[in-house]
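S.K.: Give the three-dimensional model of this entry:
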Amino acid sequence: MSSKKKTIIFTIELADRELLGKCLLALEMAKKGFRVYIGTFRAVHEIRHSIKSCVFFHKSSYKRRALQYKNQMGATVAIMDEEAGIAIPSHRMEDFIRFRFGSLTSQAYDFVFTIGDRYARMVSELPSMQGINVISSGWPRIDLWREEFSSIHNKKVSEIKQEHGSYWLFVSSFGFTSEAGFERRLAKAYSEQAARSARNVYQALKNYIDLIKQLASDQSQKIIVRPHTSERIQEWEDIFSKYPNIRVIREGDITPWLLAADGVITYRSTVNVQAALNGIPTIQYKINDIDGINDLAVFKVSKCAETVEEVRNHLNSFKSGSQKETLKRLAIEALEGNVASLDGKSASEKNFRKLIIRQHNPPAGNQDYTAKKGSLTLLGSLQISRVQNRKNSTKKFQKQENESIRKNPKRHPGQRNFFDYRKIKNCNSIDRPAN
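M.R.: Numbers count the residues shown, from 1 in each chain. Here you go, the predicted model:
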């Protein structure tokens, strides 16, 4: 067995959504002796020449550079598509999978990890997937939705409750918030089906705005609106400007806001699953009136209402602990086959750790790879939103990242100047920087 640590790299695009789940998975790898790096796309790309052998673990198919990294870094390339799965309508799943994975080849990819068995079967049936290991594992991000992990948010939940008191959370995921936004979406529609989908979403947007206004007519009921990252906060504030009991907030991870809420109003969102697994009631509004978007797995754990009074009554009904336990059990049963690792061993404990380690460093006999302590390093500044100004030169980006580390040392514990790449000769010989 090699005395050098093995390296695994995780890329991050949206830190609020991805970082905690990746850290959970990174912990499993570090416990097995891996040197783990988590970084932005640009940060990882800049150190590629310094790495001789690694597992490159990306959030989705990375057609642009997968083969390049395989050749330059000696990478075993694994991908986990966290933008697909329970948020994709059943009638679109086959086309979506073909679009997402149809051009993958075994020359560039080694592993594809999926959210559940059904998804894995459909991916495996693609001709392009021959020679690629397709594994139904679940998502580390969904591991964190389990109740046993909710305690990591206790402090934030307490702060939210102290500031906002009792409230209902409205989680928006329309992609636009106005007629102008709808017209732009419609203009980009590449097919009649896409155009119909845009019209359906616009109708849903109008329905939900009307719903929230009617619920807010009861001045004692506070509602917090959490816009999707693709939506403008100012536009939501303008829509509800006449309602003092409605707040528009998009701050940090959604989880503590969800755990602090009395109930959740959603529109075909994976938040339905996260809430149900924690015994929090969710509801959707007039979905059945809108053709073509109600065949999602997330609908199995969320009630669909036709009237404002139905919404109000449902959100007020979940008061006892027994009701919440029933909801959690029903959620696990309803999602069987669609989502793996909802109970029992977590996705982070299961196939990820065992299969990647066996592929990258086959153990001798029954010997496990635990001879050396692992390490975890964050590369550069992990931004909450997408890395901006992609046209910036490497030199300018390096300066920005280094300045972020100097100004915010608490956000980058134990880090030196990671963007002085001349100091990095071989990542297999670098331990975590000293504090």
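S.K.: and residue 230, that's in a strand?
M.R.: No - counting by DSSP: H, G, I helix; E, B strand; the rest coil, residue 230 is located in no strand; its state is coil.
S.K.: Quick check: nearest residue in space to it, chain neighbours excluded?
M.R.: Closest residue to residue 230 apart from its sequence neighbours, by CB to CB, 6 or more residues apart in numbering: residue 175 at 5.0 Å. All C-beta atoms are positioned from the backbone trio N, CA, C, and that covers glycine.
S.K.: Residue 232 is in contact with that neighbour, correct?
M.R.: No - with contacts counted by CB atoms under 8 Å, residue 175 stays clear of residue 232, the gap being 11.1 Å.
S.K.: what about the residue nearest to residue 230, which helix or strand?
M.R.: Residue 175 belongs to no helix or strand when elements are defined using DSSP states H and E.
S.K.: Tell me how far residue 187 lies from residue 338.
M.R.: Plainly put, residue 187 is 33 Å away from residue 338 if you go by CB to CB, to the nearest Å.
S.K.: Looking only at neighbour counts, state which of those two leads.
M.R.: Taking other CB atoms under 10 Å, residue 187 and residue 338 do not tie; residue 338 has more neighbours (20 against 9).
S.K.: Helix, strand, or coil at that one?
M.R.: coil.
S.K.: Now residue 146: closest residue in space that isn't a chain neighbour?
M.R.: That would be residue 277: by CB to CB, 6+ apart, it lies 6.2 Å from residue 146.
S.K.: contacting residues around that neighbour?
M.R.: 145-147, 328, 331-332, 342 (CB atoms under 8 Å, 6 or more residues apart in numbering).
S.K.: distance of it from residue 325?
M.R.: From residue 277 to residue 325 the distance is 11 Å (CB to CB).
S.K.: before we move on, the earlier item: to what extent is the residue nearest to residue 230 buried, counted in neighbours?
M.R.: Around residue 175 there are 17 other residues, counting by other CB under 10 Å.
S.K.: domain ranges for the chain?
M.R.: 7-143+343-429, 154-334 (automatic domain parsing).
S.K.: Go ahead and measure how far the last one is from the middle of the chain.
M.R.: Centroid separation for domain 154-334 versus its chain: 17 Å, with CA atoms, centre = their mean, to the nearest Å.
S.K.: now the helices: where do they sit in the stretch 1-150 of the chain?
M.R.: Assigned by DSSP state H, counting those that start in this stretch, the stretch 1-150 of the chain shows helices spanning 15-31, 41-46, 66-72, 90-101, 117-124, 140-143.
S.K.: List of residues touching the shortest one?
M.R.: With contacts defined as CB under 8 Å, 6+ apart, helix 140-143 is touched by 17-18, 20-22, 24-25, 82, 115, 149, 273-274, 339, 341-342, 346-348, 352.
S.K.: Determine the set of other helices and strands touching the next helix or strand after it.
M.R.: Next along the chain after helix 140-143, taking DSSP H and E as the criterion, comes helix 154-164. If you count contacts as 3 or more CB pairs under 8 Å, 6 or more residues apart in numbering; DSSP states H and E, helix 154-164 packs onto helix 254-260.
S.K.: And the contacts of the helix it packs on?
M.R.: Outside helix 254-260, the residues that reach it (CB under 8 Å, 6+ apart) are 16, 144-145, 150, 153, 156-157, 160-161, 164, 167, 169, 171, 224, 226, 249, 251, 264, 271, 274-275, 278, 280.
S.K.: about what we covered before: now do the same contact list for the residue nearest to residue 230.
M.R.: 181, 185, 201, 228, 230-231.
S.K.: returning to that earlier point: out of the contacts of residue 277, show me where the pLDDT dips lowest.
M.R.: By pLDDT, residue 147 ranks lowest within the contacts of residue 277, coming in at 75.
S.K.: Which stretches in this structure count as strands?
M.R.: Taking DSSP state E as the test, the strands found in the chain are 7-12, 35-40, 54-58, 75-80, 111-114, 133-136, 168-171, 223-226, 246-248, 263-266, 282-285, 303-305, 375-379.
S.K.: any chance of those strands in JSON lines, with mean pLDDT, mean neighbour count and distance to residue 98 too?
M.R.: Below are the strands of the chain laid out as JSON lines (pLDDT from 0 to 100; neighbours: other CB atoms under 10 Å; distance: least, CB to CB, whole Å):
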{"stretch": "strand 7-12", "mean pLDDT": "88", "mean neighbour count": "25", "distance to residue 98": "24"}
{"stretch": "strand 35-40", "mean pLDDT": "87", "mean neighbour count": "24", "distance to residue 98": "29"}
{"stretch": "strand 54-58", "mean pLDDT": "89", "mean neighbour count": "24", "distance to residue 98": "20"}
{"stretch": "strand 75-80", "mean pLDDT": "89", "mean neighbour count": "24", "distance to residue 98": "16"}
{"stretch": "strand 111-114", "mean pLDDT": "90", "mean neighbour count": "24", "distance to residue 98": "14"}
{"stretch": "strand 133-136", "mean pLDDT": "89", "mean neighbour count": "20", "distance to residue 98": "14"}
{"stretch": "strand 168-171", "mean pLDDT": "96", "mean neighbour count": "24", "distance to residue 98": "29"}
{"stretch": "strand 223-226", "mean pLDDT": "97", "mean neighbour count": "22", "distance to residue 98": "32"}
{"stretch": "strand 246-248", "mean pLDDT": "97", "mean neighbour count": "20", "distance to residue 98": "38"}
{"stretch": "strand 263-266", "mean pLDDT": "93", "mean neighbour count": "25", "distance to residue 98": "28"}
{"stretch": "strand 282-285", "mean pLDDT": "91", "mean neighbour count": "24", "distance to residue 98": "28"}
{"stretch": "strand 303-305", "mean pLDDT": "88", "mean neighbour count": "18", "distance to residue 98": "29"}
{"stretch": "strand 375-379", "mean pLDDT": "75", "mean neighbour count": "20", "distance to residue 98": "34"}
